[in-house]
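# could you look at this predicted model? Sequence included:
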Amino acid sequence: MKYIIVVGDGMADYPLRELNGRTPLEVAKTPFMDRIAGCRIGLARTIPEGMEPGSDVANLSLLGYDPLKYHSGRAPLEAAGMGIKLASGHVAFRMNLVTLDIRSNSEIIMVSHSAGDISTQEASIIISDLRNSLALPGISIFQGVAYRHILLWENGPEKALTIPPHDVLDQNMAPYLNNSTGNPVPEIIRRSWDILQNHPVNIKRQKAGHRQANSIWLWGQGSTPRLPSFEDNYGVSGSVISAVDLIKGIGICAGLSSIEVEGATGYLDTNYRGKAEAALRSLRELDFVFLHIEAPDEAGHAGDPSQKIEAIENLDSKVVGPVMEGLDLFDDYRIMVVSDHLTPIPKKTHTADPTPFAWASKKELKSTNRGPGFSERSAAKSGLIFEKGYTLIDSFISAK
């Protein structure tokens, strides 16, 4: 038996007025996901009550790990995905390059959590200069992809208040950044401003009409996570495919192999077909693939329904379709499609609502009609819900 989970990060949404009360999933043409949903569809609560609705929490759940037990922060998972080893006492922070509108000391608006989708090439120059100019005892900076980077802090403030920047788009961050209660994180953020204010990359971006990376933003801190082996838990060997270091890191910590795909960006221009082909190649040797597509989530953060619909349709036609065709070469298989969490257009950030999934076996797909379609509404009407989202994968793998 072969198993594959295809994750459309944040593709679930709310009904939108501009889509006549439908969600992007309901509007998008998704014949392959609809076919899977004709076999089995439902909801899973991947975000336990009281936890932040982040991709770290949600994807831990999808891989069968109870976040309440195993979550130790987002940044150390990303560090693992980048091959960074945390020594005892080290605290990893996610370090975004962001765009702030610094209007006055009392009005500092979070404009973009991604510095206007800055490229990896541009970011590499900035990160190199930050390493030299932001040098502080016990602090090291590591370059990631695009706006996503890691700061390691020896004996750093693991319990400090930090805020995910995508949760506060268009909000005034001055009260947090002016914090004088002993939280050292805002101080480090403010130290970056002088370095980045007239940085050559930002001057060039400004002339081109792009948003500037005029600040760093630290959040999601934690120490090294310790996850039981996925293979020990479920008896199958596997791999993870993603453009996002966080997802790679979760897989690596779970003992999965991380497969690199050329041209995988995490945006609309990602190499969808390359990921599908890599997944099928992996299944020739291994039993399980966790295939993650970031693009719908980025469209949700941007508040752009048309981009989200495009990302969902690309996922269906360029990933799910080719994967289903390739899987037919195997004697038996199961395929799941799932949104790890919601990233609703109106909110531009994640929410903790139960999220839709659908899965089917080879035999079921041969004998089942299209069904109600893969959408939030269809999933809710099914009456099937996994209140503990981390138990969904056990049902998927161990079903008779």
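Noted; the coordinates are in hand.
# distance of I397 from W217?
Distance from I397 to W217, counting by CB to CB, to the nearest Å: 38 Å. Just so you know, the C-beta spots here come from the backbone N, C-alpha and C atoms, and that holds for glycine as well.
# neighbour-wise, which of the two wins?
When I397 and W217 are compared on other CB atoms under 10 Å, the one with more neighbours turns out to be W217, at 28 against 19.
# how many residues are close by A379?
A379, neighbours per other CB under 10 Å, totals 27.
# tell me the secondary structure at it.
Following DSSP: H, G, I helix; E, B strand; the rest coil, A379 is assigned to helix.
# got the contact list for it?
Going by CB atoms under 8 Å, 6 or more residues apart in numbering, A379 touches 41-43, 356-358.
# list the buried residues in stretch 216-230.
Across stretch 216-230, burial judged by 16 or more other CB atoms under 10 Å covers 216-225, 227, 230.
# mind putting those in JSON lines, pLDDT and secondary structure included?
What follows is the buried residues of stretch 216-230, written out as JSON lines (pLDDT from 0 to 100; DSSP: H, G, I helix; E, B strand; the rest coil):
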{"residue": "I216", "pLDDT": "98", "secondary structure": "strand"}
{"residue": "W217", "pLDDT": "98", "secondary structure": "strand"}
{"residue": "L218", "pLDDT": "97", "secondary structure": "strand"}
{"residue": "W219", "pLDDT": "96", "secondary structure": "strand"}
{"residue": "G220", "pLDDT": "93", "secondary structure": "strand"}
{"residue": "Q221", "pLDDT": "95", "secondary structure": "strand"}
{"residue": "G222", "pLDDT": "93", "secondary structure": "strand"}
{"residue": "S223", "pLDDT": "89", "secondary structure": "coil"}
{"residue": "T224", "pLDDT": "83", "secondary structure": "coil"}
{"residue": "P225", "pLDDT": "82", "secondary structure": "coil"}
{"residue": "L227", "pLDDT": "93", "secondary structure": "coil"}
{"residue": "F230", "pLDDT": "97", "secondary structure": "helix"}
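# tell me the confidence at the most centrally placed residue in the chain?
Centroid-nearest residue in the chain, with CA atoms, centre = their mean: S55, separated by 4.6 Å. Note for S55: predicted pLDDT of 95.
# who touches it in this structure?
Per CB under 8 Å, 6+ apart, neighbours of S55: 9-10, 74, 244, 246-247, 297, 340-341, 350.
# now do T46
57-59, 61-62, 340-341, 354-355, 389-390.
# if we use 6 Å, what do you get?
Applying CB atoms under 6 Å, 6 or more residues apart in numbering to T46 gives the contacts 58, 61, 341, 355, 389.
# quick one: those as JSON lines, columns for secondary structure, pLDDT and neighbour count too.
Below are the contacts of T46 laid out as JSON lines (DSSP: H, G, I helix; E, B strand; the rest coil; pLDDT from 0 to 100; neighbours: other CB atoms under 10 Å):
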{"residue": "A58", "secondary structure": "helix", "pLDDT": "98", "neighbour count": "27"}
{"residue": "S61", "secondary structure": "helix", "pLDDT": "98", "neighbour count": "30"}
{"residue": "H341", "secondary structure": "coil", "pLDDT": "98", "neighbour count": "31"}
{"residue": "T355", "secondary structure": "strand", "pLDDT": "98", "neighbour count": "27"}
{"residue": "G389", "secondary structure": "helix", "pLDDT": "98", "neighbour count": "28"}
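# out of these, who's nearest D34?
T355 (17.2 Å; CB to CB).
# low-scoring pLDDT stretches of the stretch 101-250 of the chain, where are they?
Under the criterion pLDDT under 70, the flagged ranges of the stretch 101-250 of the chain are 180.
# one more time with 90, if that's ok
Applying pLDDT under 90 to the stretch 101-250 of the chain flags residues 134-136, 145, 179-182, 223-226.
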